[in-house]
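Asks: Okay, here's the prediction I keep looking at, along with the sequence it came from:
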There are 2 protein chains.
Amino acid sequence: MNDAPLDLSLDAAALTAWLVDFRSESGNEKPLADAIEEALRTLPHLTVDRHGNNVVARTNLGRSERVILAGHIDTVPIADNVPSRLDENGVLWGCGTTDMKSGVAVQLRIAATVTESNRDLTFVFYDNEEVAAHLNGLRHVAEAHPDWLEGDFAVLLEGTYAEVEGGCQGTLRVHLRTTGERAHSARSWMGSNAIHKTAPILAALAAYEPRRPVIDGLEFREGLNAVRIEGGVANNVIPDAAQVTVNFRYAPDRSEAEAIAHVREVFADCDIAEFVIDDHSGAAMPGLSHPAAATFMAAVGGIAKPKFGWTDVARFSALGVPAVNYGPGDPLFAHKRDEHVEVDKIHHTEERLRAWLTA
Amino acid sequence: MNDAPLDLSLDAAALTAWLVDFRSESGNEKPLADAIEEALRTLPHLTVDRHGNNVVARTNLGRSERVILAGHIDTVPIADNVPSRLDENGVLWGCGTTDMKSGVAVQLRIAATVTESNRDLTFVFYDNEEVAAHLNGLRHVAEAHPDWLEGDFAVLLEGTYAEVEGGCQGTLRVHLRTTGERAHSARSWMGSNAIHKTAPILAALAAYEPRRPVIDGLEFREGLNAVRIEGGVANNVIPDAAQVTVNFRYAPDRSEAEAIAHVREVFADCDIAEFVIDDHSGAAMPGLSHPAAATFMAAVGGIAKPKFGWTDVARFSALGVPAVNYGPGDPLFAHKRDEHVEVDKIHHTEERLRAWLTA
């Protein structure tokens, strides 16, 4: 564990290293939340609130717009990759470098140094992002103190390799169950084969042509896939039950209800005994048409991309706050033993956000 | 365990009860094989041989034909259904009553009492029928002493409820494996879904129209069925492997090679990465066109039916001996806790066999 105190005067890369060395695997965020709360409370321009191990700090400058910078402070389990190590090429290695302590470092640096922002600012540091949805700290804050999360636009500093990724796709998981009647396979006409009844389900999946809708200038790509299939009783028995688990990844122009209705429609002609929704997280609009997003895009530069995976921007979207993903880490190395971040990307991200908020 | 000695002067129903009370679950047949061998050795008209826990007894009357009466002496595990119980309706209850100690009792009664048969007789009592094929005693005798099983016609006294069931269908089990490429399900176009590739396999199964060929006057019924399906890596991963296990039950006008070729042909247009034969037991011709069978049918009466399930008649068929199933037990109650046999069926079967062999 890191013995040095959290020093907000450090540069963002050094701050990232300090955060990586201060272990905070999911479920063990309290010491880091304490350190962040303590450091932020020394800043006179911020009001600091806490709920569990979630810390929210806000300016109250009376600006016409409020933007939120959010990030989770937990990491996946450490894999022999702490303490951090800065190599000769300016790459910082270690657990959380990309997911997402470099983003948290940028949040902290902006919080400490942008005291007279052109917009009111809200900084959210939350726990338990890497585990189950019901433990997610951002969810807990949204439920207990929705007013803390009020704003016009949010930036989630999850790693995007310093490119803007707008919104996120929704994800719906459904079990499609077929039923039949058992019989000895030597007298198969006495039964009814539930596995054979999955044939039209799989044919519909194989023939499915996913949409690629353009929303706010971003081309999303949907997908409808079987992720599991199971059926069978014994090697000499006609099976009376089978199940196909389908995952629908959908663009943010569909509501949750529309996504369910679409999946039902795709399989409308299949002989499905049970349609069970196993998991569902709605999509988030990119929010790039919002005025705050336009100035954000102008400040950070580059061309926004769609976010295909699901992230916590969807929670902001559900609260009515358009949100994008923008952070220094490379998402391809998240959760990996060789997780790393380029110091240049940390500085670039910090500089672009500062330019946007001080222009 | 039964303490009374094996008494071949008992009536066949009493002999069945004695055999049921003399436990002989698969793997523990030695005491019963000893008792049977000892009893048969007291009969001067029989030559007795033994291989492991398999006992073979033969007449040597110089007849022009030799017929074989065969049965296994093991049972499935006892399920609180020993000792046997004879109820007031003439039904004998207990483990092995139908599968197949009633058949073995009839064999023993014929062996003891038909001393001047019109055909030479071979009695085969074998072990380990209820477990794995490689343990099967009839197989061991066929491999070690094929001469002991020479004959013109065989009757396997497996329960058929005293009706003749001719031959048996073959059974072939094949794993059909598909492959793809993993990807995160949020970016499914980066991968290739192995479960979706099973769609044409299942479509072929669902559309398959099984034959019902008539062979030796018996209508067989084939069947091609998925008995298992499995695939999936995780709920958010496009799966790179899936497997459909198919069971083909086929009529005895197909050889083993033809059965395999047929299954390959059914799925010829499917994108199958591996075709793995998991299990295969060939079919047996009914043998009803053999002269010995004609007199057998005339003696036992009724109309022969096809045997859909696989039985050891196929081993006789493979040795060039036409074979039928004919025994007193009701196959629907085999392996069940409420296994039972009607005493009338035991006596009827014995009487019909005696009539055939002494006419």
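Replies: On my side now, so go ahead.

Asks: Name the SS class of the residue positioned nearest the centre of chain A, please.
Replies: Note on chain A: the residue nearest the mean C-alpha position is A:T311, at 1.8 Å, using Cα atoms, centre = their mean. Judged by DSSP: H, G, I helix; E, B strand; the rest coil, the three-state class of A:T311 is coil.

Asks: again with A:L108
Replies: helix.

Asks: Which residue is the nearest non-sequential neighbour of A:D312?
Replies: Nearest residue to A:D312 in three dimensions, chain neighbours excluded: A:L138, at 5.3 Å (Cβ to Cβ, 6 or more residues apart in numbering or on different chains). Quick note: C-beta positions are derived from backbone N, CA and C, even for glycine.

Asks: Helix or strand: which one has that neighbour?
Replies: Element membership of A:L138 [criterion: DSSP states H and E] is helix A:137-144.

Asks: on contacts alone, who are the packing partners of that helix?
Replies: strand A:47-51, strand A:54-58, strand A:66-72, strand A:120-126, helix A:313-318 (3 or more Cβ pairs under 8 Å, 6 or more residues apart in numbering or on different chains; DSSP states H and E).

Asks: For the last one, give me every contacting residue.
Replies: This means helix A:313-318. With contact meaning Cβ atoms under 8 Å, 6 or more residues apart in numbering or on different chains, helix A:313-318 is reached by A:68, A:70, A:136, A:138-139, A:142, A:149, A:154, A:156, A:167-168, A:170, A:252, A:281-285, A:287, A:307, A:322-325.

Asks: Contacts only, for the residue lying closest to A:I78 once chain neighbours are set aside.
Replies: Nearest residue to A:I78, sequence neighbours excluded (Cβ to Cβ, 6+ apart): A:C95, at 4.6 Å. Residues in contact with A:C95 (Cβ under 8 Å, 6+ apart) are A:V20, A:T75, A:V76, A:P77, A:I78, A:A79, A:N81, A:V82, A:E339.

Asks: The same query, at a cut-off of 6 Å, please.
Replies: Residues near A:C95 by Cβ atoms under 6 Å, 6 or more residues apart in numbering or on different chains: A:T75, A:I78, A:N81, A:V82.

Asks: Which one of those is nearest to B:N128?
Replies: Of all the contacts of A:C95, B:N128 sits closest to A:I78, with 55.0 Å by Cβ to Cβ.

Asks: picking up where we left off before, how about the contacts of A:C95, which pair is most distant?
Replies: Longest span within the contacts of A:C95, Cβ to Cβ: A:T75 and A:N81, 9.9 Å.

Asks: between the two, who's got more neighbours?
Replies: A:T75 (29 against 19; other Cβ atoms under 10 Å in any protein chain shown).

Asks: How about the top helix by length along chain A, which residues are buried there?
Replies: The residue-count maximum for a helix in chain A (DSSP state H) belongs to helix A:343-358. Residues of helix A:343-358 classed as buried by neighbour count (16 or more other Cβ atoms under 10 Å in any protein chain shown): A:V343, A:K345, A:I346, A:H347, A:H348, A:T349, A:E350, A:R352, A:L353, A:R354, A:W356, A:L357.

Asks: Of those, which is the nearest to chain B?
Replies: A:K345 (21.8 Å; Cβ to the nearest Cβ).

Asks: Local confidence estimate at the closest one?
Replies: Looking at A:K345, its pLDDT stands at 98.

Asks: And for the one 10 residues further on?
Replies: If you check A:A355, the pLDDT there is 94.

Asks: Can you name the residue of the stretch 251-359 of chain A nearest to chain B?
Replies: For the stretch 251-359 of chain A, Cβ to the nearest Cβ, closest residue to chain B: A:G309, 4.1 Å.

Asks: and that residue, what does it touch?
Replies: B:A186.

Asks: quick one: it and A:A334, what's the gap?
Replies: 10 Å (Cβ to Cβ, to the nearest Å).

Asks: repeat for A:F220
Replies: 21 Å.

Asks: These two: who's more crowded?
Replies: Legend: neighbour count by other Cβ under 10 Å for A:F220 and A:A334, higher for A:F220 (26 against 18).

Asks: need the strands for the stretch 51-200 of chain A, in chain order.
Replies: A:54-58, A:66-72, A:85-86, A:91-93, A:120-126, A:153-156, A:165-166, A:170-179, A:183-184 (DSSP state E, counting those that start in this stretch).

Asks: In JSON lines: the ones you listed, plus mean neighbour count, mean pLDDT and distance to chain B.
Replies: Formatted as JSON lines, the strands of the stretch 51-200 of chain A follow (neighbours: other Cβ atoms under 10 Å in any protein chain shown; pLDDT from 0 to 100; distance: least, Cβ to the nearest Cβ, whole Å):
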{"stretch": "strand A:54-58", "mean neighbour count": "25", "mean pLDDT": "98", "distance to chain B": "26"}
{"stretch": "strand A:66-72", "mean neighbour count": "25", "mean pLDDT": "97", "distance to chain B": "19"}
{"stretch": "strand A:85-86", "mean neighbour count": "15", "mean pLDDT": "97", "distance to chain B": "28"}
{"stretch": "strand A:91-93", "mean neighbour count": "20", "mean pLDDT": "97", "distance to chain B": "23"}
{"stretch": "strand A:120-126", "mean neighbour count": "24", "mean pLDDT": "98", "distance to chain B": "22"}
{"stretch": "strand A:153-156", "mean neighbour count": "27", "mean pLDDT": "95", "distance to chain B": "16"}
{"stretch": "strand A:165-166", "mean neighbour count": "26", "mean pLDDT": "91", "distance to chain B": "12"}
{"stretch": "strand A:170-179", "mean neighbour count": "22", "mean pLDDT": "96", "distance to chain B": "6"}
{"stretch": "strand A:183-184", "mean neighbour count": "18", "mean pLDDT": "86", "distance to chain B": "7"}
